[in-house]
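# pasting a predicted model and its sequence here:
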2 protein chains.
Amino acid sequence: MKNSLIVQKYGGSSVANIDRIKSVAERIARYRKKGHSLVVVISALGDTTDELLKLAHGITASPSERELDMLISTGEQVSVALLAMAMHKKGIDAISFTGAQVGIITDRSHTKARIIDVSADRIKKALKQGKVVIVAGFQGVNLDQEITTLGRGGSDMTAVALAATLKAGMCEIYTDVEGVYTADPKIVKDARKLSCISYEEMLELASLGAQVMQARSMEVAKKFSVPLHIRSSFSNKVGTIISKEVKAMEEVMVSGVAANKKEAKVTICDVPDRPGIAAKIFRDIADKNINVDMIIQNISRTGYTDVSFTMPVEELGRARQVMERIVKDVKAKGVIYNREIAKISIVGVGMRSHSGVAAKMFEALASKRINIDMISTSEIKISCVIDKKHVKDAVKVLHKAFKLGKK
Amino acid sequence: MKNSLIVQKYGGSSVANIDRIKSVAERIARYRKKGHSLVVVISALGDTTDELLKLAHGITASPSERELDMLISTGEQVSVALLAMAMHKKGIDAISFTGAQVGIITDRSHTKARIIDVSADRIKKALKQGKVVIVAGFQGVNLDQEITTLGRGGSDMTAVALAATLKAGMCEIYTDVEGVYTADPKIVKDARKLSCISYEEMLELASLGAQVMQARSMEVAKKFSVPLHIRSSFSNKVGTIISKEVKAMEEVMVSGVAANKKEAKVTICDVPDRPGIAAKIFRDIADKNINVDMIIQNISRTGYTDVSFTMPVEELGRARQVMERIVKDVKAKGVIYNREIAKISIVGVGMRSHSGVAAKMFEALASKRINIDMISTSEIKISCVIDKKHVKDAVKVLHKAFKLGKK
């Protein structure tokens, strides 16, 4: 990593005010002294984006997405300019750019655009001139020269995309936690910071609500083998490296336990058990852009079956309309919504080479009399839906059962 | 003006908050109903620009001008997006653009860039689609794709440049006064709003501190014969039309009286009276970018002369250094600074065809025992430097002498 190109990303809390910006500048200066080339991606200051959204909603309940992007993209433009000034103040040559200026080209959608190309010519030129390059995260430009934004976690996406394009030696994601833990340290006292984890595991953890990084950015990092370092902007401690799977990782059976309380369970009752019914149901749901997670269909003995699935609780309002129609269309008896669930999962590439992991998980939950409502498994993950009120106990007992705590 | 293209410009006070933005949207909607095509240029909300500058100065006392432009250009981007949303809310098709998006091309200087070209292709396309076009004032982009700003009064410049390029039927400048008056209504109670005035007169008034519009924008309007309408965004009253000189204007001897208290008088004492001395003095001053206004050199009988000039009081600090050097270089005796002056002026294209205007002015001032320190004249203007304490009396007596009050 000596003298290589490093992409750093600082989130909103890392640049919440003038003092924080100065301390980010301080850190960059230290890297600079070590001889690294640096591209820094930053988010808007603290809650700027929320404040801008409040202005928009003061005008209309349903602002146009194109104008929303025009509005909220200013947040990052402010922060890059300020950070560049803070670098200059330290005598370091730095230059700020908007997403459009560095050629973050996206598709034509707004408020959640996808990057389709990164030219980065201006970045390369500025790096050659010895400058620290500061790029506005979260934003891009489409082929009609319209300003776009990348949606939640968009600044991570900018950082990863730039790291991939520039073939950076490391992409450091600065956040307000010190890395990725074996479980939420707020729940499990002896939760341990992982020194490294594979993309696959982190992807499962991200989608399970570990909330360190969005799954979308992680997928891109994996695709282009961008090594990530999740670490805190409030300390100098080494965080967690996310990289390709290495042999050593397989020796650990389970890397972490994650809980997600932001899902709801939907059950369509007494669906006539005909071929193609499930396909119809989930096509209709997908057409409404509702993200379905786990799906369970009970075995039918009576010609009728119950179809259950989990989905983000925040999309429930939107889902209800579709569900009403589906119930009618497929001649089901009705639909039950349950918000009082939690999904608890264990993740680890070691599961591939270890057997009995699922049994051990179920036993651990049973030992605390925690009932399992739904189960879903992948190659490196086992998830169980349980009653929300048991979530802390479940995390603790699993963390202990798989010996994840500090040694 | 029926069904023609109108460019409207709203200043910061006209879009100071959500309610004001809504009332601007209301006005635009009314114009729209009459069948006009509309291009609307707006400034940043209220004191946004000052707040952004405060952030910058929280980081460094001398922020880079390039980064300052990056920073403060966000102010207008916020306001155009919000106004577009407010238009949509009223069911009117509208689209916002940054200066860069509509091709306001400037030179490479920052914080006070000059427009070198306007492409306006996107505006024409959007107008053809029947949209109200909302453009961020005060900003542009240079040929290196760097964001630039146009300096004080920059939004007026954007409006005038677009009106010229698009050959608009009218360029309406909305402000917090109802038009151009024969004198400052705060000083003269019966000051009258002028229904029309020539570019030349307005240019003199602008440079004399009438502060309705910057001289630079006025010059561009004059060059491209863009008719201007200065009016209030807080009422529906007709304001003042600024256009080419027409015959009727000449019938009025004097159009208005203006006072400027923002100048200081500098006198270099006992300068050896040699050819080329004045040239040397004012070349040195010009090289320091100090704007000299009136210049007076007394007739020399002794081989020594006094050279006096007026300049903006705010540039005095910067001027002192140059002056010290000049005094040494030209072997003068010393330099005297006087901040207690005011410049009082009468303006009117009618002066060209009327005689005795100067005499009448001097008599009026004498009648109030106001001493005249310096005099300068142009084809359509006479200015006198007087003691600052007499400025109100002087405006009143001149307003009365030239019968400028309400009939």
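Structure received.

# which helix or strand in chain A has the lowest average pLDDT?
helix A:247-250 (a mean of 73; mean pLDDT, DSSP states H and E).

# ok, then the element right after that helix?
The helix or strand immediately downstream of helix A:247-250 is strand A:256-260, counting by DSSP states H and E.

# and that following strand, what does it pack onto?
Packing partners of strand A:256-260 (3 or more C-beta pairs under 8 Å, 6 or more residues apart in numbering or on different chains; DSSP states H and E): helix A:199-205, strand A:341-347, helix A:391-401. Bear in mind the C-beta positions are built from the backbone N, C-alpha and C, glycine included.

# 6 Å instead?
strand A:341-347, helix A:391-401 (3 or more C-beta pairs under 6 Å, 6 or more residues apart in numbering or on different chains; DSSP states H and E).

# sort out which residues of the longest helix along chain A are buried, please.
Identified as the longest helix of chain A according to DSSP state H is helix A:65-89. By neighbour count on 16 or more other C-beta atoms under 10 Å in any protein chain shown, the buried set for helix A:65-89 is A:66-89.

# tell me the helix or strand right after it.
Using DSSP H and E, the first helix or strand after helix A:65-89 is strand A:94-97.

# A:Ser383 contacts A:Lys343, correct?
Yes: applying C-beta atoms under 6 Å, one finds A:Ser383 in contact with A:Lys343, separated by 5.4 Å.

# any shared contact partners between these two?
Counting by C-beta atoms under 6 Å, 6 or more residues apart in numbering or on different chains, A:Ser383 and A:Lys343 have no common neighbour.

# now render the helices and strands packed on strand A:256-260 as a markdown table, adding mean neighbour count.
As requested, the helices and strands packed on strand A:256-260 are exported to a markdown table (neighbours: other C-beta atoms under 10 Å in any protein chain shown):
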| stretch | mean neighbour count |
| --- | --- |
| strand A:341-347 | 25 |
| helix A:391-401 | 20 |
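
# could I get these in CSV, plus columns for distance to B:Asp50?
Below are the helices and strands packed on strand A:256-260 laid out as CSV (distance: least, C-beta to C-beta, whole Å):
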stretch, distance to B:Asp50
strand A:341-347, 49
helix A:391-401, 49
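
# ok, which of these comes nearest chain B?
Closest to chain B of those is strand A:341-347 (C-beta to the nearest C-beta; 37.7 Å).

# tell me what the helix or strand following the closest one is packed against?
For strand A:341-347, the following helix or strand on the C-terminal side (DSSP H and E) is helix A:357-367. If you count contacts as 3+ C-beta pairs under 6 Å, 6+ apart, helix A:357-367 packs onto helix A:391-401.

# and for A:Trp107, the neighbour number?
Rather than Trp, residue A:107 is Asp. Neighbours of A:Asp107 under the rule other C-beta atoms under 10 Å in any protein chain shown: 15.

# quick one: pLDDT of whichever residue of the stretch 301-407 of chain A sits closest to chain B?
Taking C-beta to the nearest C-beta as the measure, the stretch 301-407 of chain A has A:Arg318 as its residue closest to chain B, at 22.1 Å. What the model reports for A:Arg318 is a pLDDT of 85.

# and the residue of chain A most remote from its centre, how far from A:Asp273?
Most distant residue from the mean C-alpha position of chain A: A:Thr302, 41.7 Å away (C-alpha atoms, centre = their mean). Going from A:Thr302 to A:Asp273 by C-beta to C-beta, to the nearest Å gives 8 Å.

# A:Asp176 contacts A:Ser13, doesn't it?
Yes: in this structure, A:Asp176 is within contact of A:Ser13 by C-beta under 6 Å, at 4.9 Å.

# which residue, other than its chain neighbours, is closest to A:Glu363?
Nearest residue to A:Glu363 in three dimensions, chain neighbours excluded: A:Ala401, at 7.6 Å (C-beta to C-beta, 6 or more residues apart in numbering or on different chains).

# show me the contacts for A:Asp25.
For residue A:25 the amino acid is Ala, not Asp. A:86-87, A:90.

# rerun that using 7 Å as the cut-off
Contact analysis of A:Ala25 by C-beta atoms under 7 Å, 6 or more residues apart in numbering or on different chains lists A:83, A:86-87, A:90.

# ditto for A:Val335
A:266-269, A:323, A:327.

# make it 10 Å
By C-beta atoms under 10 Å, 6 or more residues apart in numbering or on different chains, A:Val335 lies in contact with A:266-269, A:307, A:319-320, A:323-324, A:326-327.

# mind listing what's buried in the least confident helix or strand of chain A?
Applying 16+ other C-beta under 10 Å to helix A:247-250 flags A:249-250 as buried.

# what about the helices in chain A?
Counting by DSSP H, the helices of chain A are A:18-33, A:48-59, A:65-89, A:121-128, A:154-166, A:199-205, A:215-223, A:247-250, A:277-287, A:316-329, A:357-367, A:391-401.

# just for the stretch 251-400 of chain A, where's the confidence low?
A:299-300 (pLDDT under 70).

# what of the stretch 101-250 of chain A?
A:209-210.

# near chain B, which residues of it are found?
Residues of the stretch 101-250 of chain A lying near chain B by C-beta under 10 Å from any C-beta of the partner chain: A:101-103, A:122, A:134, A:136, A:141, A:144-147.

# quick one: closest of the helices of chain A to B:Arg20.
Evaluated with C-beta to C-beta, the helices of chain A place helix A:48-59 nearest to B:Arg20, the distance being 11.4 Å.

# got the CA coordinates for that closest one in PDB?
Extracted in PDB, the C-alpha atoms of helix A:48-59 (Å, rounded to 0.1, in the frame of the first residue of the first chain):
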ATOM      1  CA  THR A  48     -27.800  19.200   4.900                       C
ATOM      2  CA  THR A  49     -29.700  16.800   2.600                       C
ATOM      3  CA  ASP A  50     -32.600  16.600   5.100                       C
ATOM      4  CA  GLU A  51     -32.700  20.300   5.400                       C
ATOM      5  CA  LEU A  52     -32.900  20.700   1.600                       C
ATOM      6  CA  LEU A  53     -35.600  18.100   1.400                       C
ATOM      7  CA  LYS A  54     -37.500  20.000   4.000                       C
ATOM      8  CA  LEU A  55     -37.400  23.100   1.800                       C
ATOM      9  CA  ALA A  56     -38.700  21.100  -1.100                       C
ATOM     10  CA  HIS A  57     -41.500  19.700   0.900                       C
ATOM     11  CA  GLY A  58     -42.400  23.200   2.100                       C
ATOM     12  CA  ILE A  59     -43.200  23.900  -1.500                       C
END
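
# quick one: distance of stretch A:226-244 to the chain centre.
Centroid separation for stretch A:226-244 versus its chain: 15 Å, with C-alpha atoms, centre = their mean, to the nearest Å.

# how long is that stretch end to end?
In stretch A:226-244, first residue to last residue: 9 Å (C-alpha to C-alpha, to the nearest Å).

# what's the nearest residue to A:Ala286 if we skip its chain neighbours?
Closest to A:Ala286 by C-beta to C-beta, 6+ apart is A:Val292, at 7.5 Å.

# that neighbour: neighbouring residues, count only.
For A:Val292, the neighbour count with other C-beta under 10 Å is 16.

# before we move on, what about A:Asp190?
14.

# the residue of the stretch 301-407 of chain A closest to chain B and A:Asp287 touch, don't they?
No: with contacts defined as C-beta atoms under 10 Å, A:Arg318 does not count as touching A:Asp287, sitting 12.0 Å away.

# more crowded one of these two?
A:Arg318 (13 against 9).

# tell me the contacts of the more buried one?
A:288-290, A:311-312.

# also A:Ser345?
A:204-205, A:207-210, A:256-260, A:361, A:376-378, A:381-384, A:398 are the contacts of A:Ser345 under C-beta under 10 Å, 6+ apart.

# I'm done for today, thanks for sticking with me.
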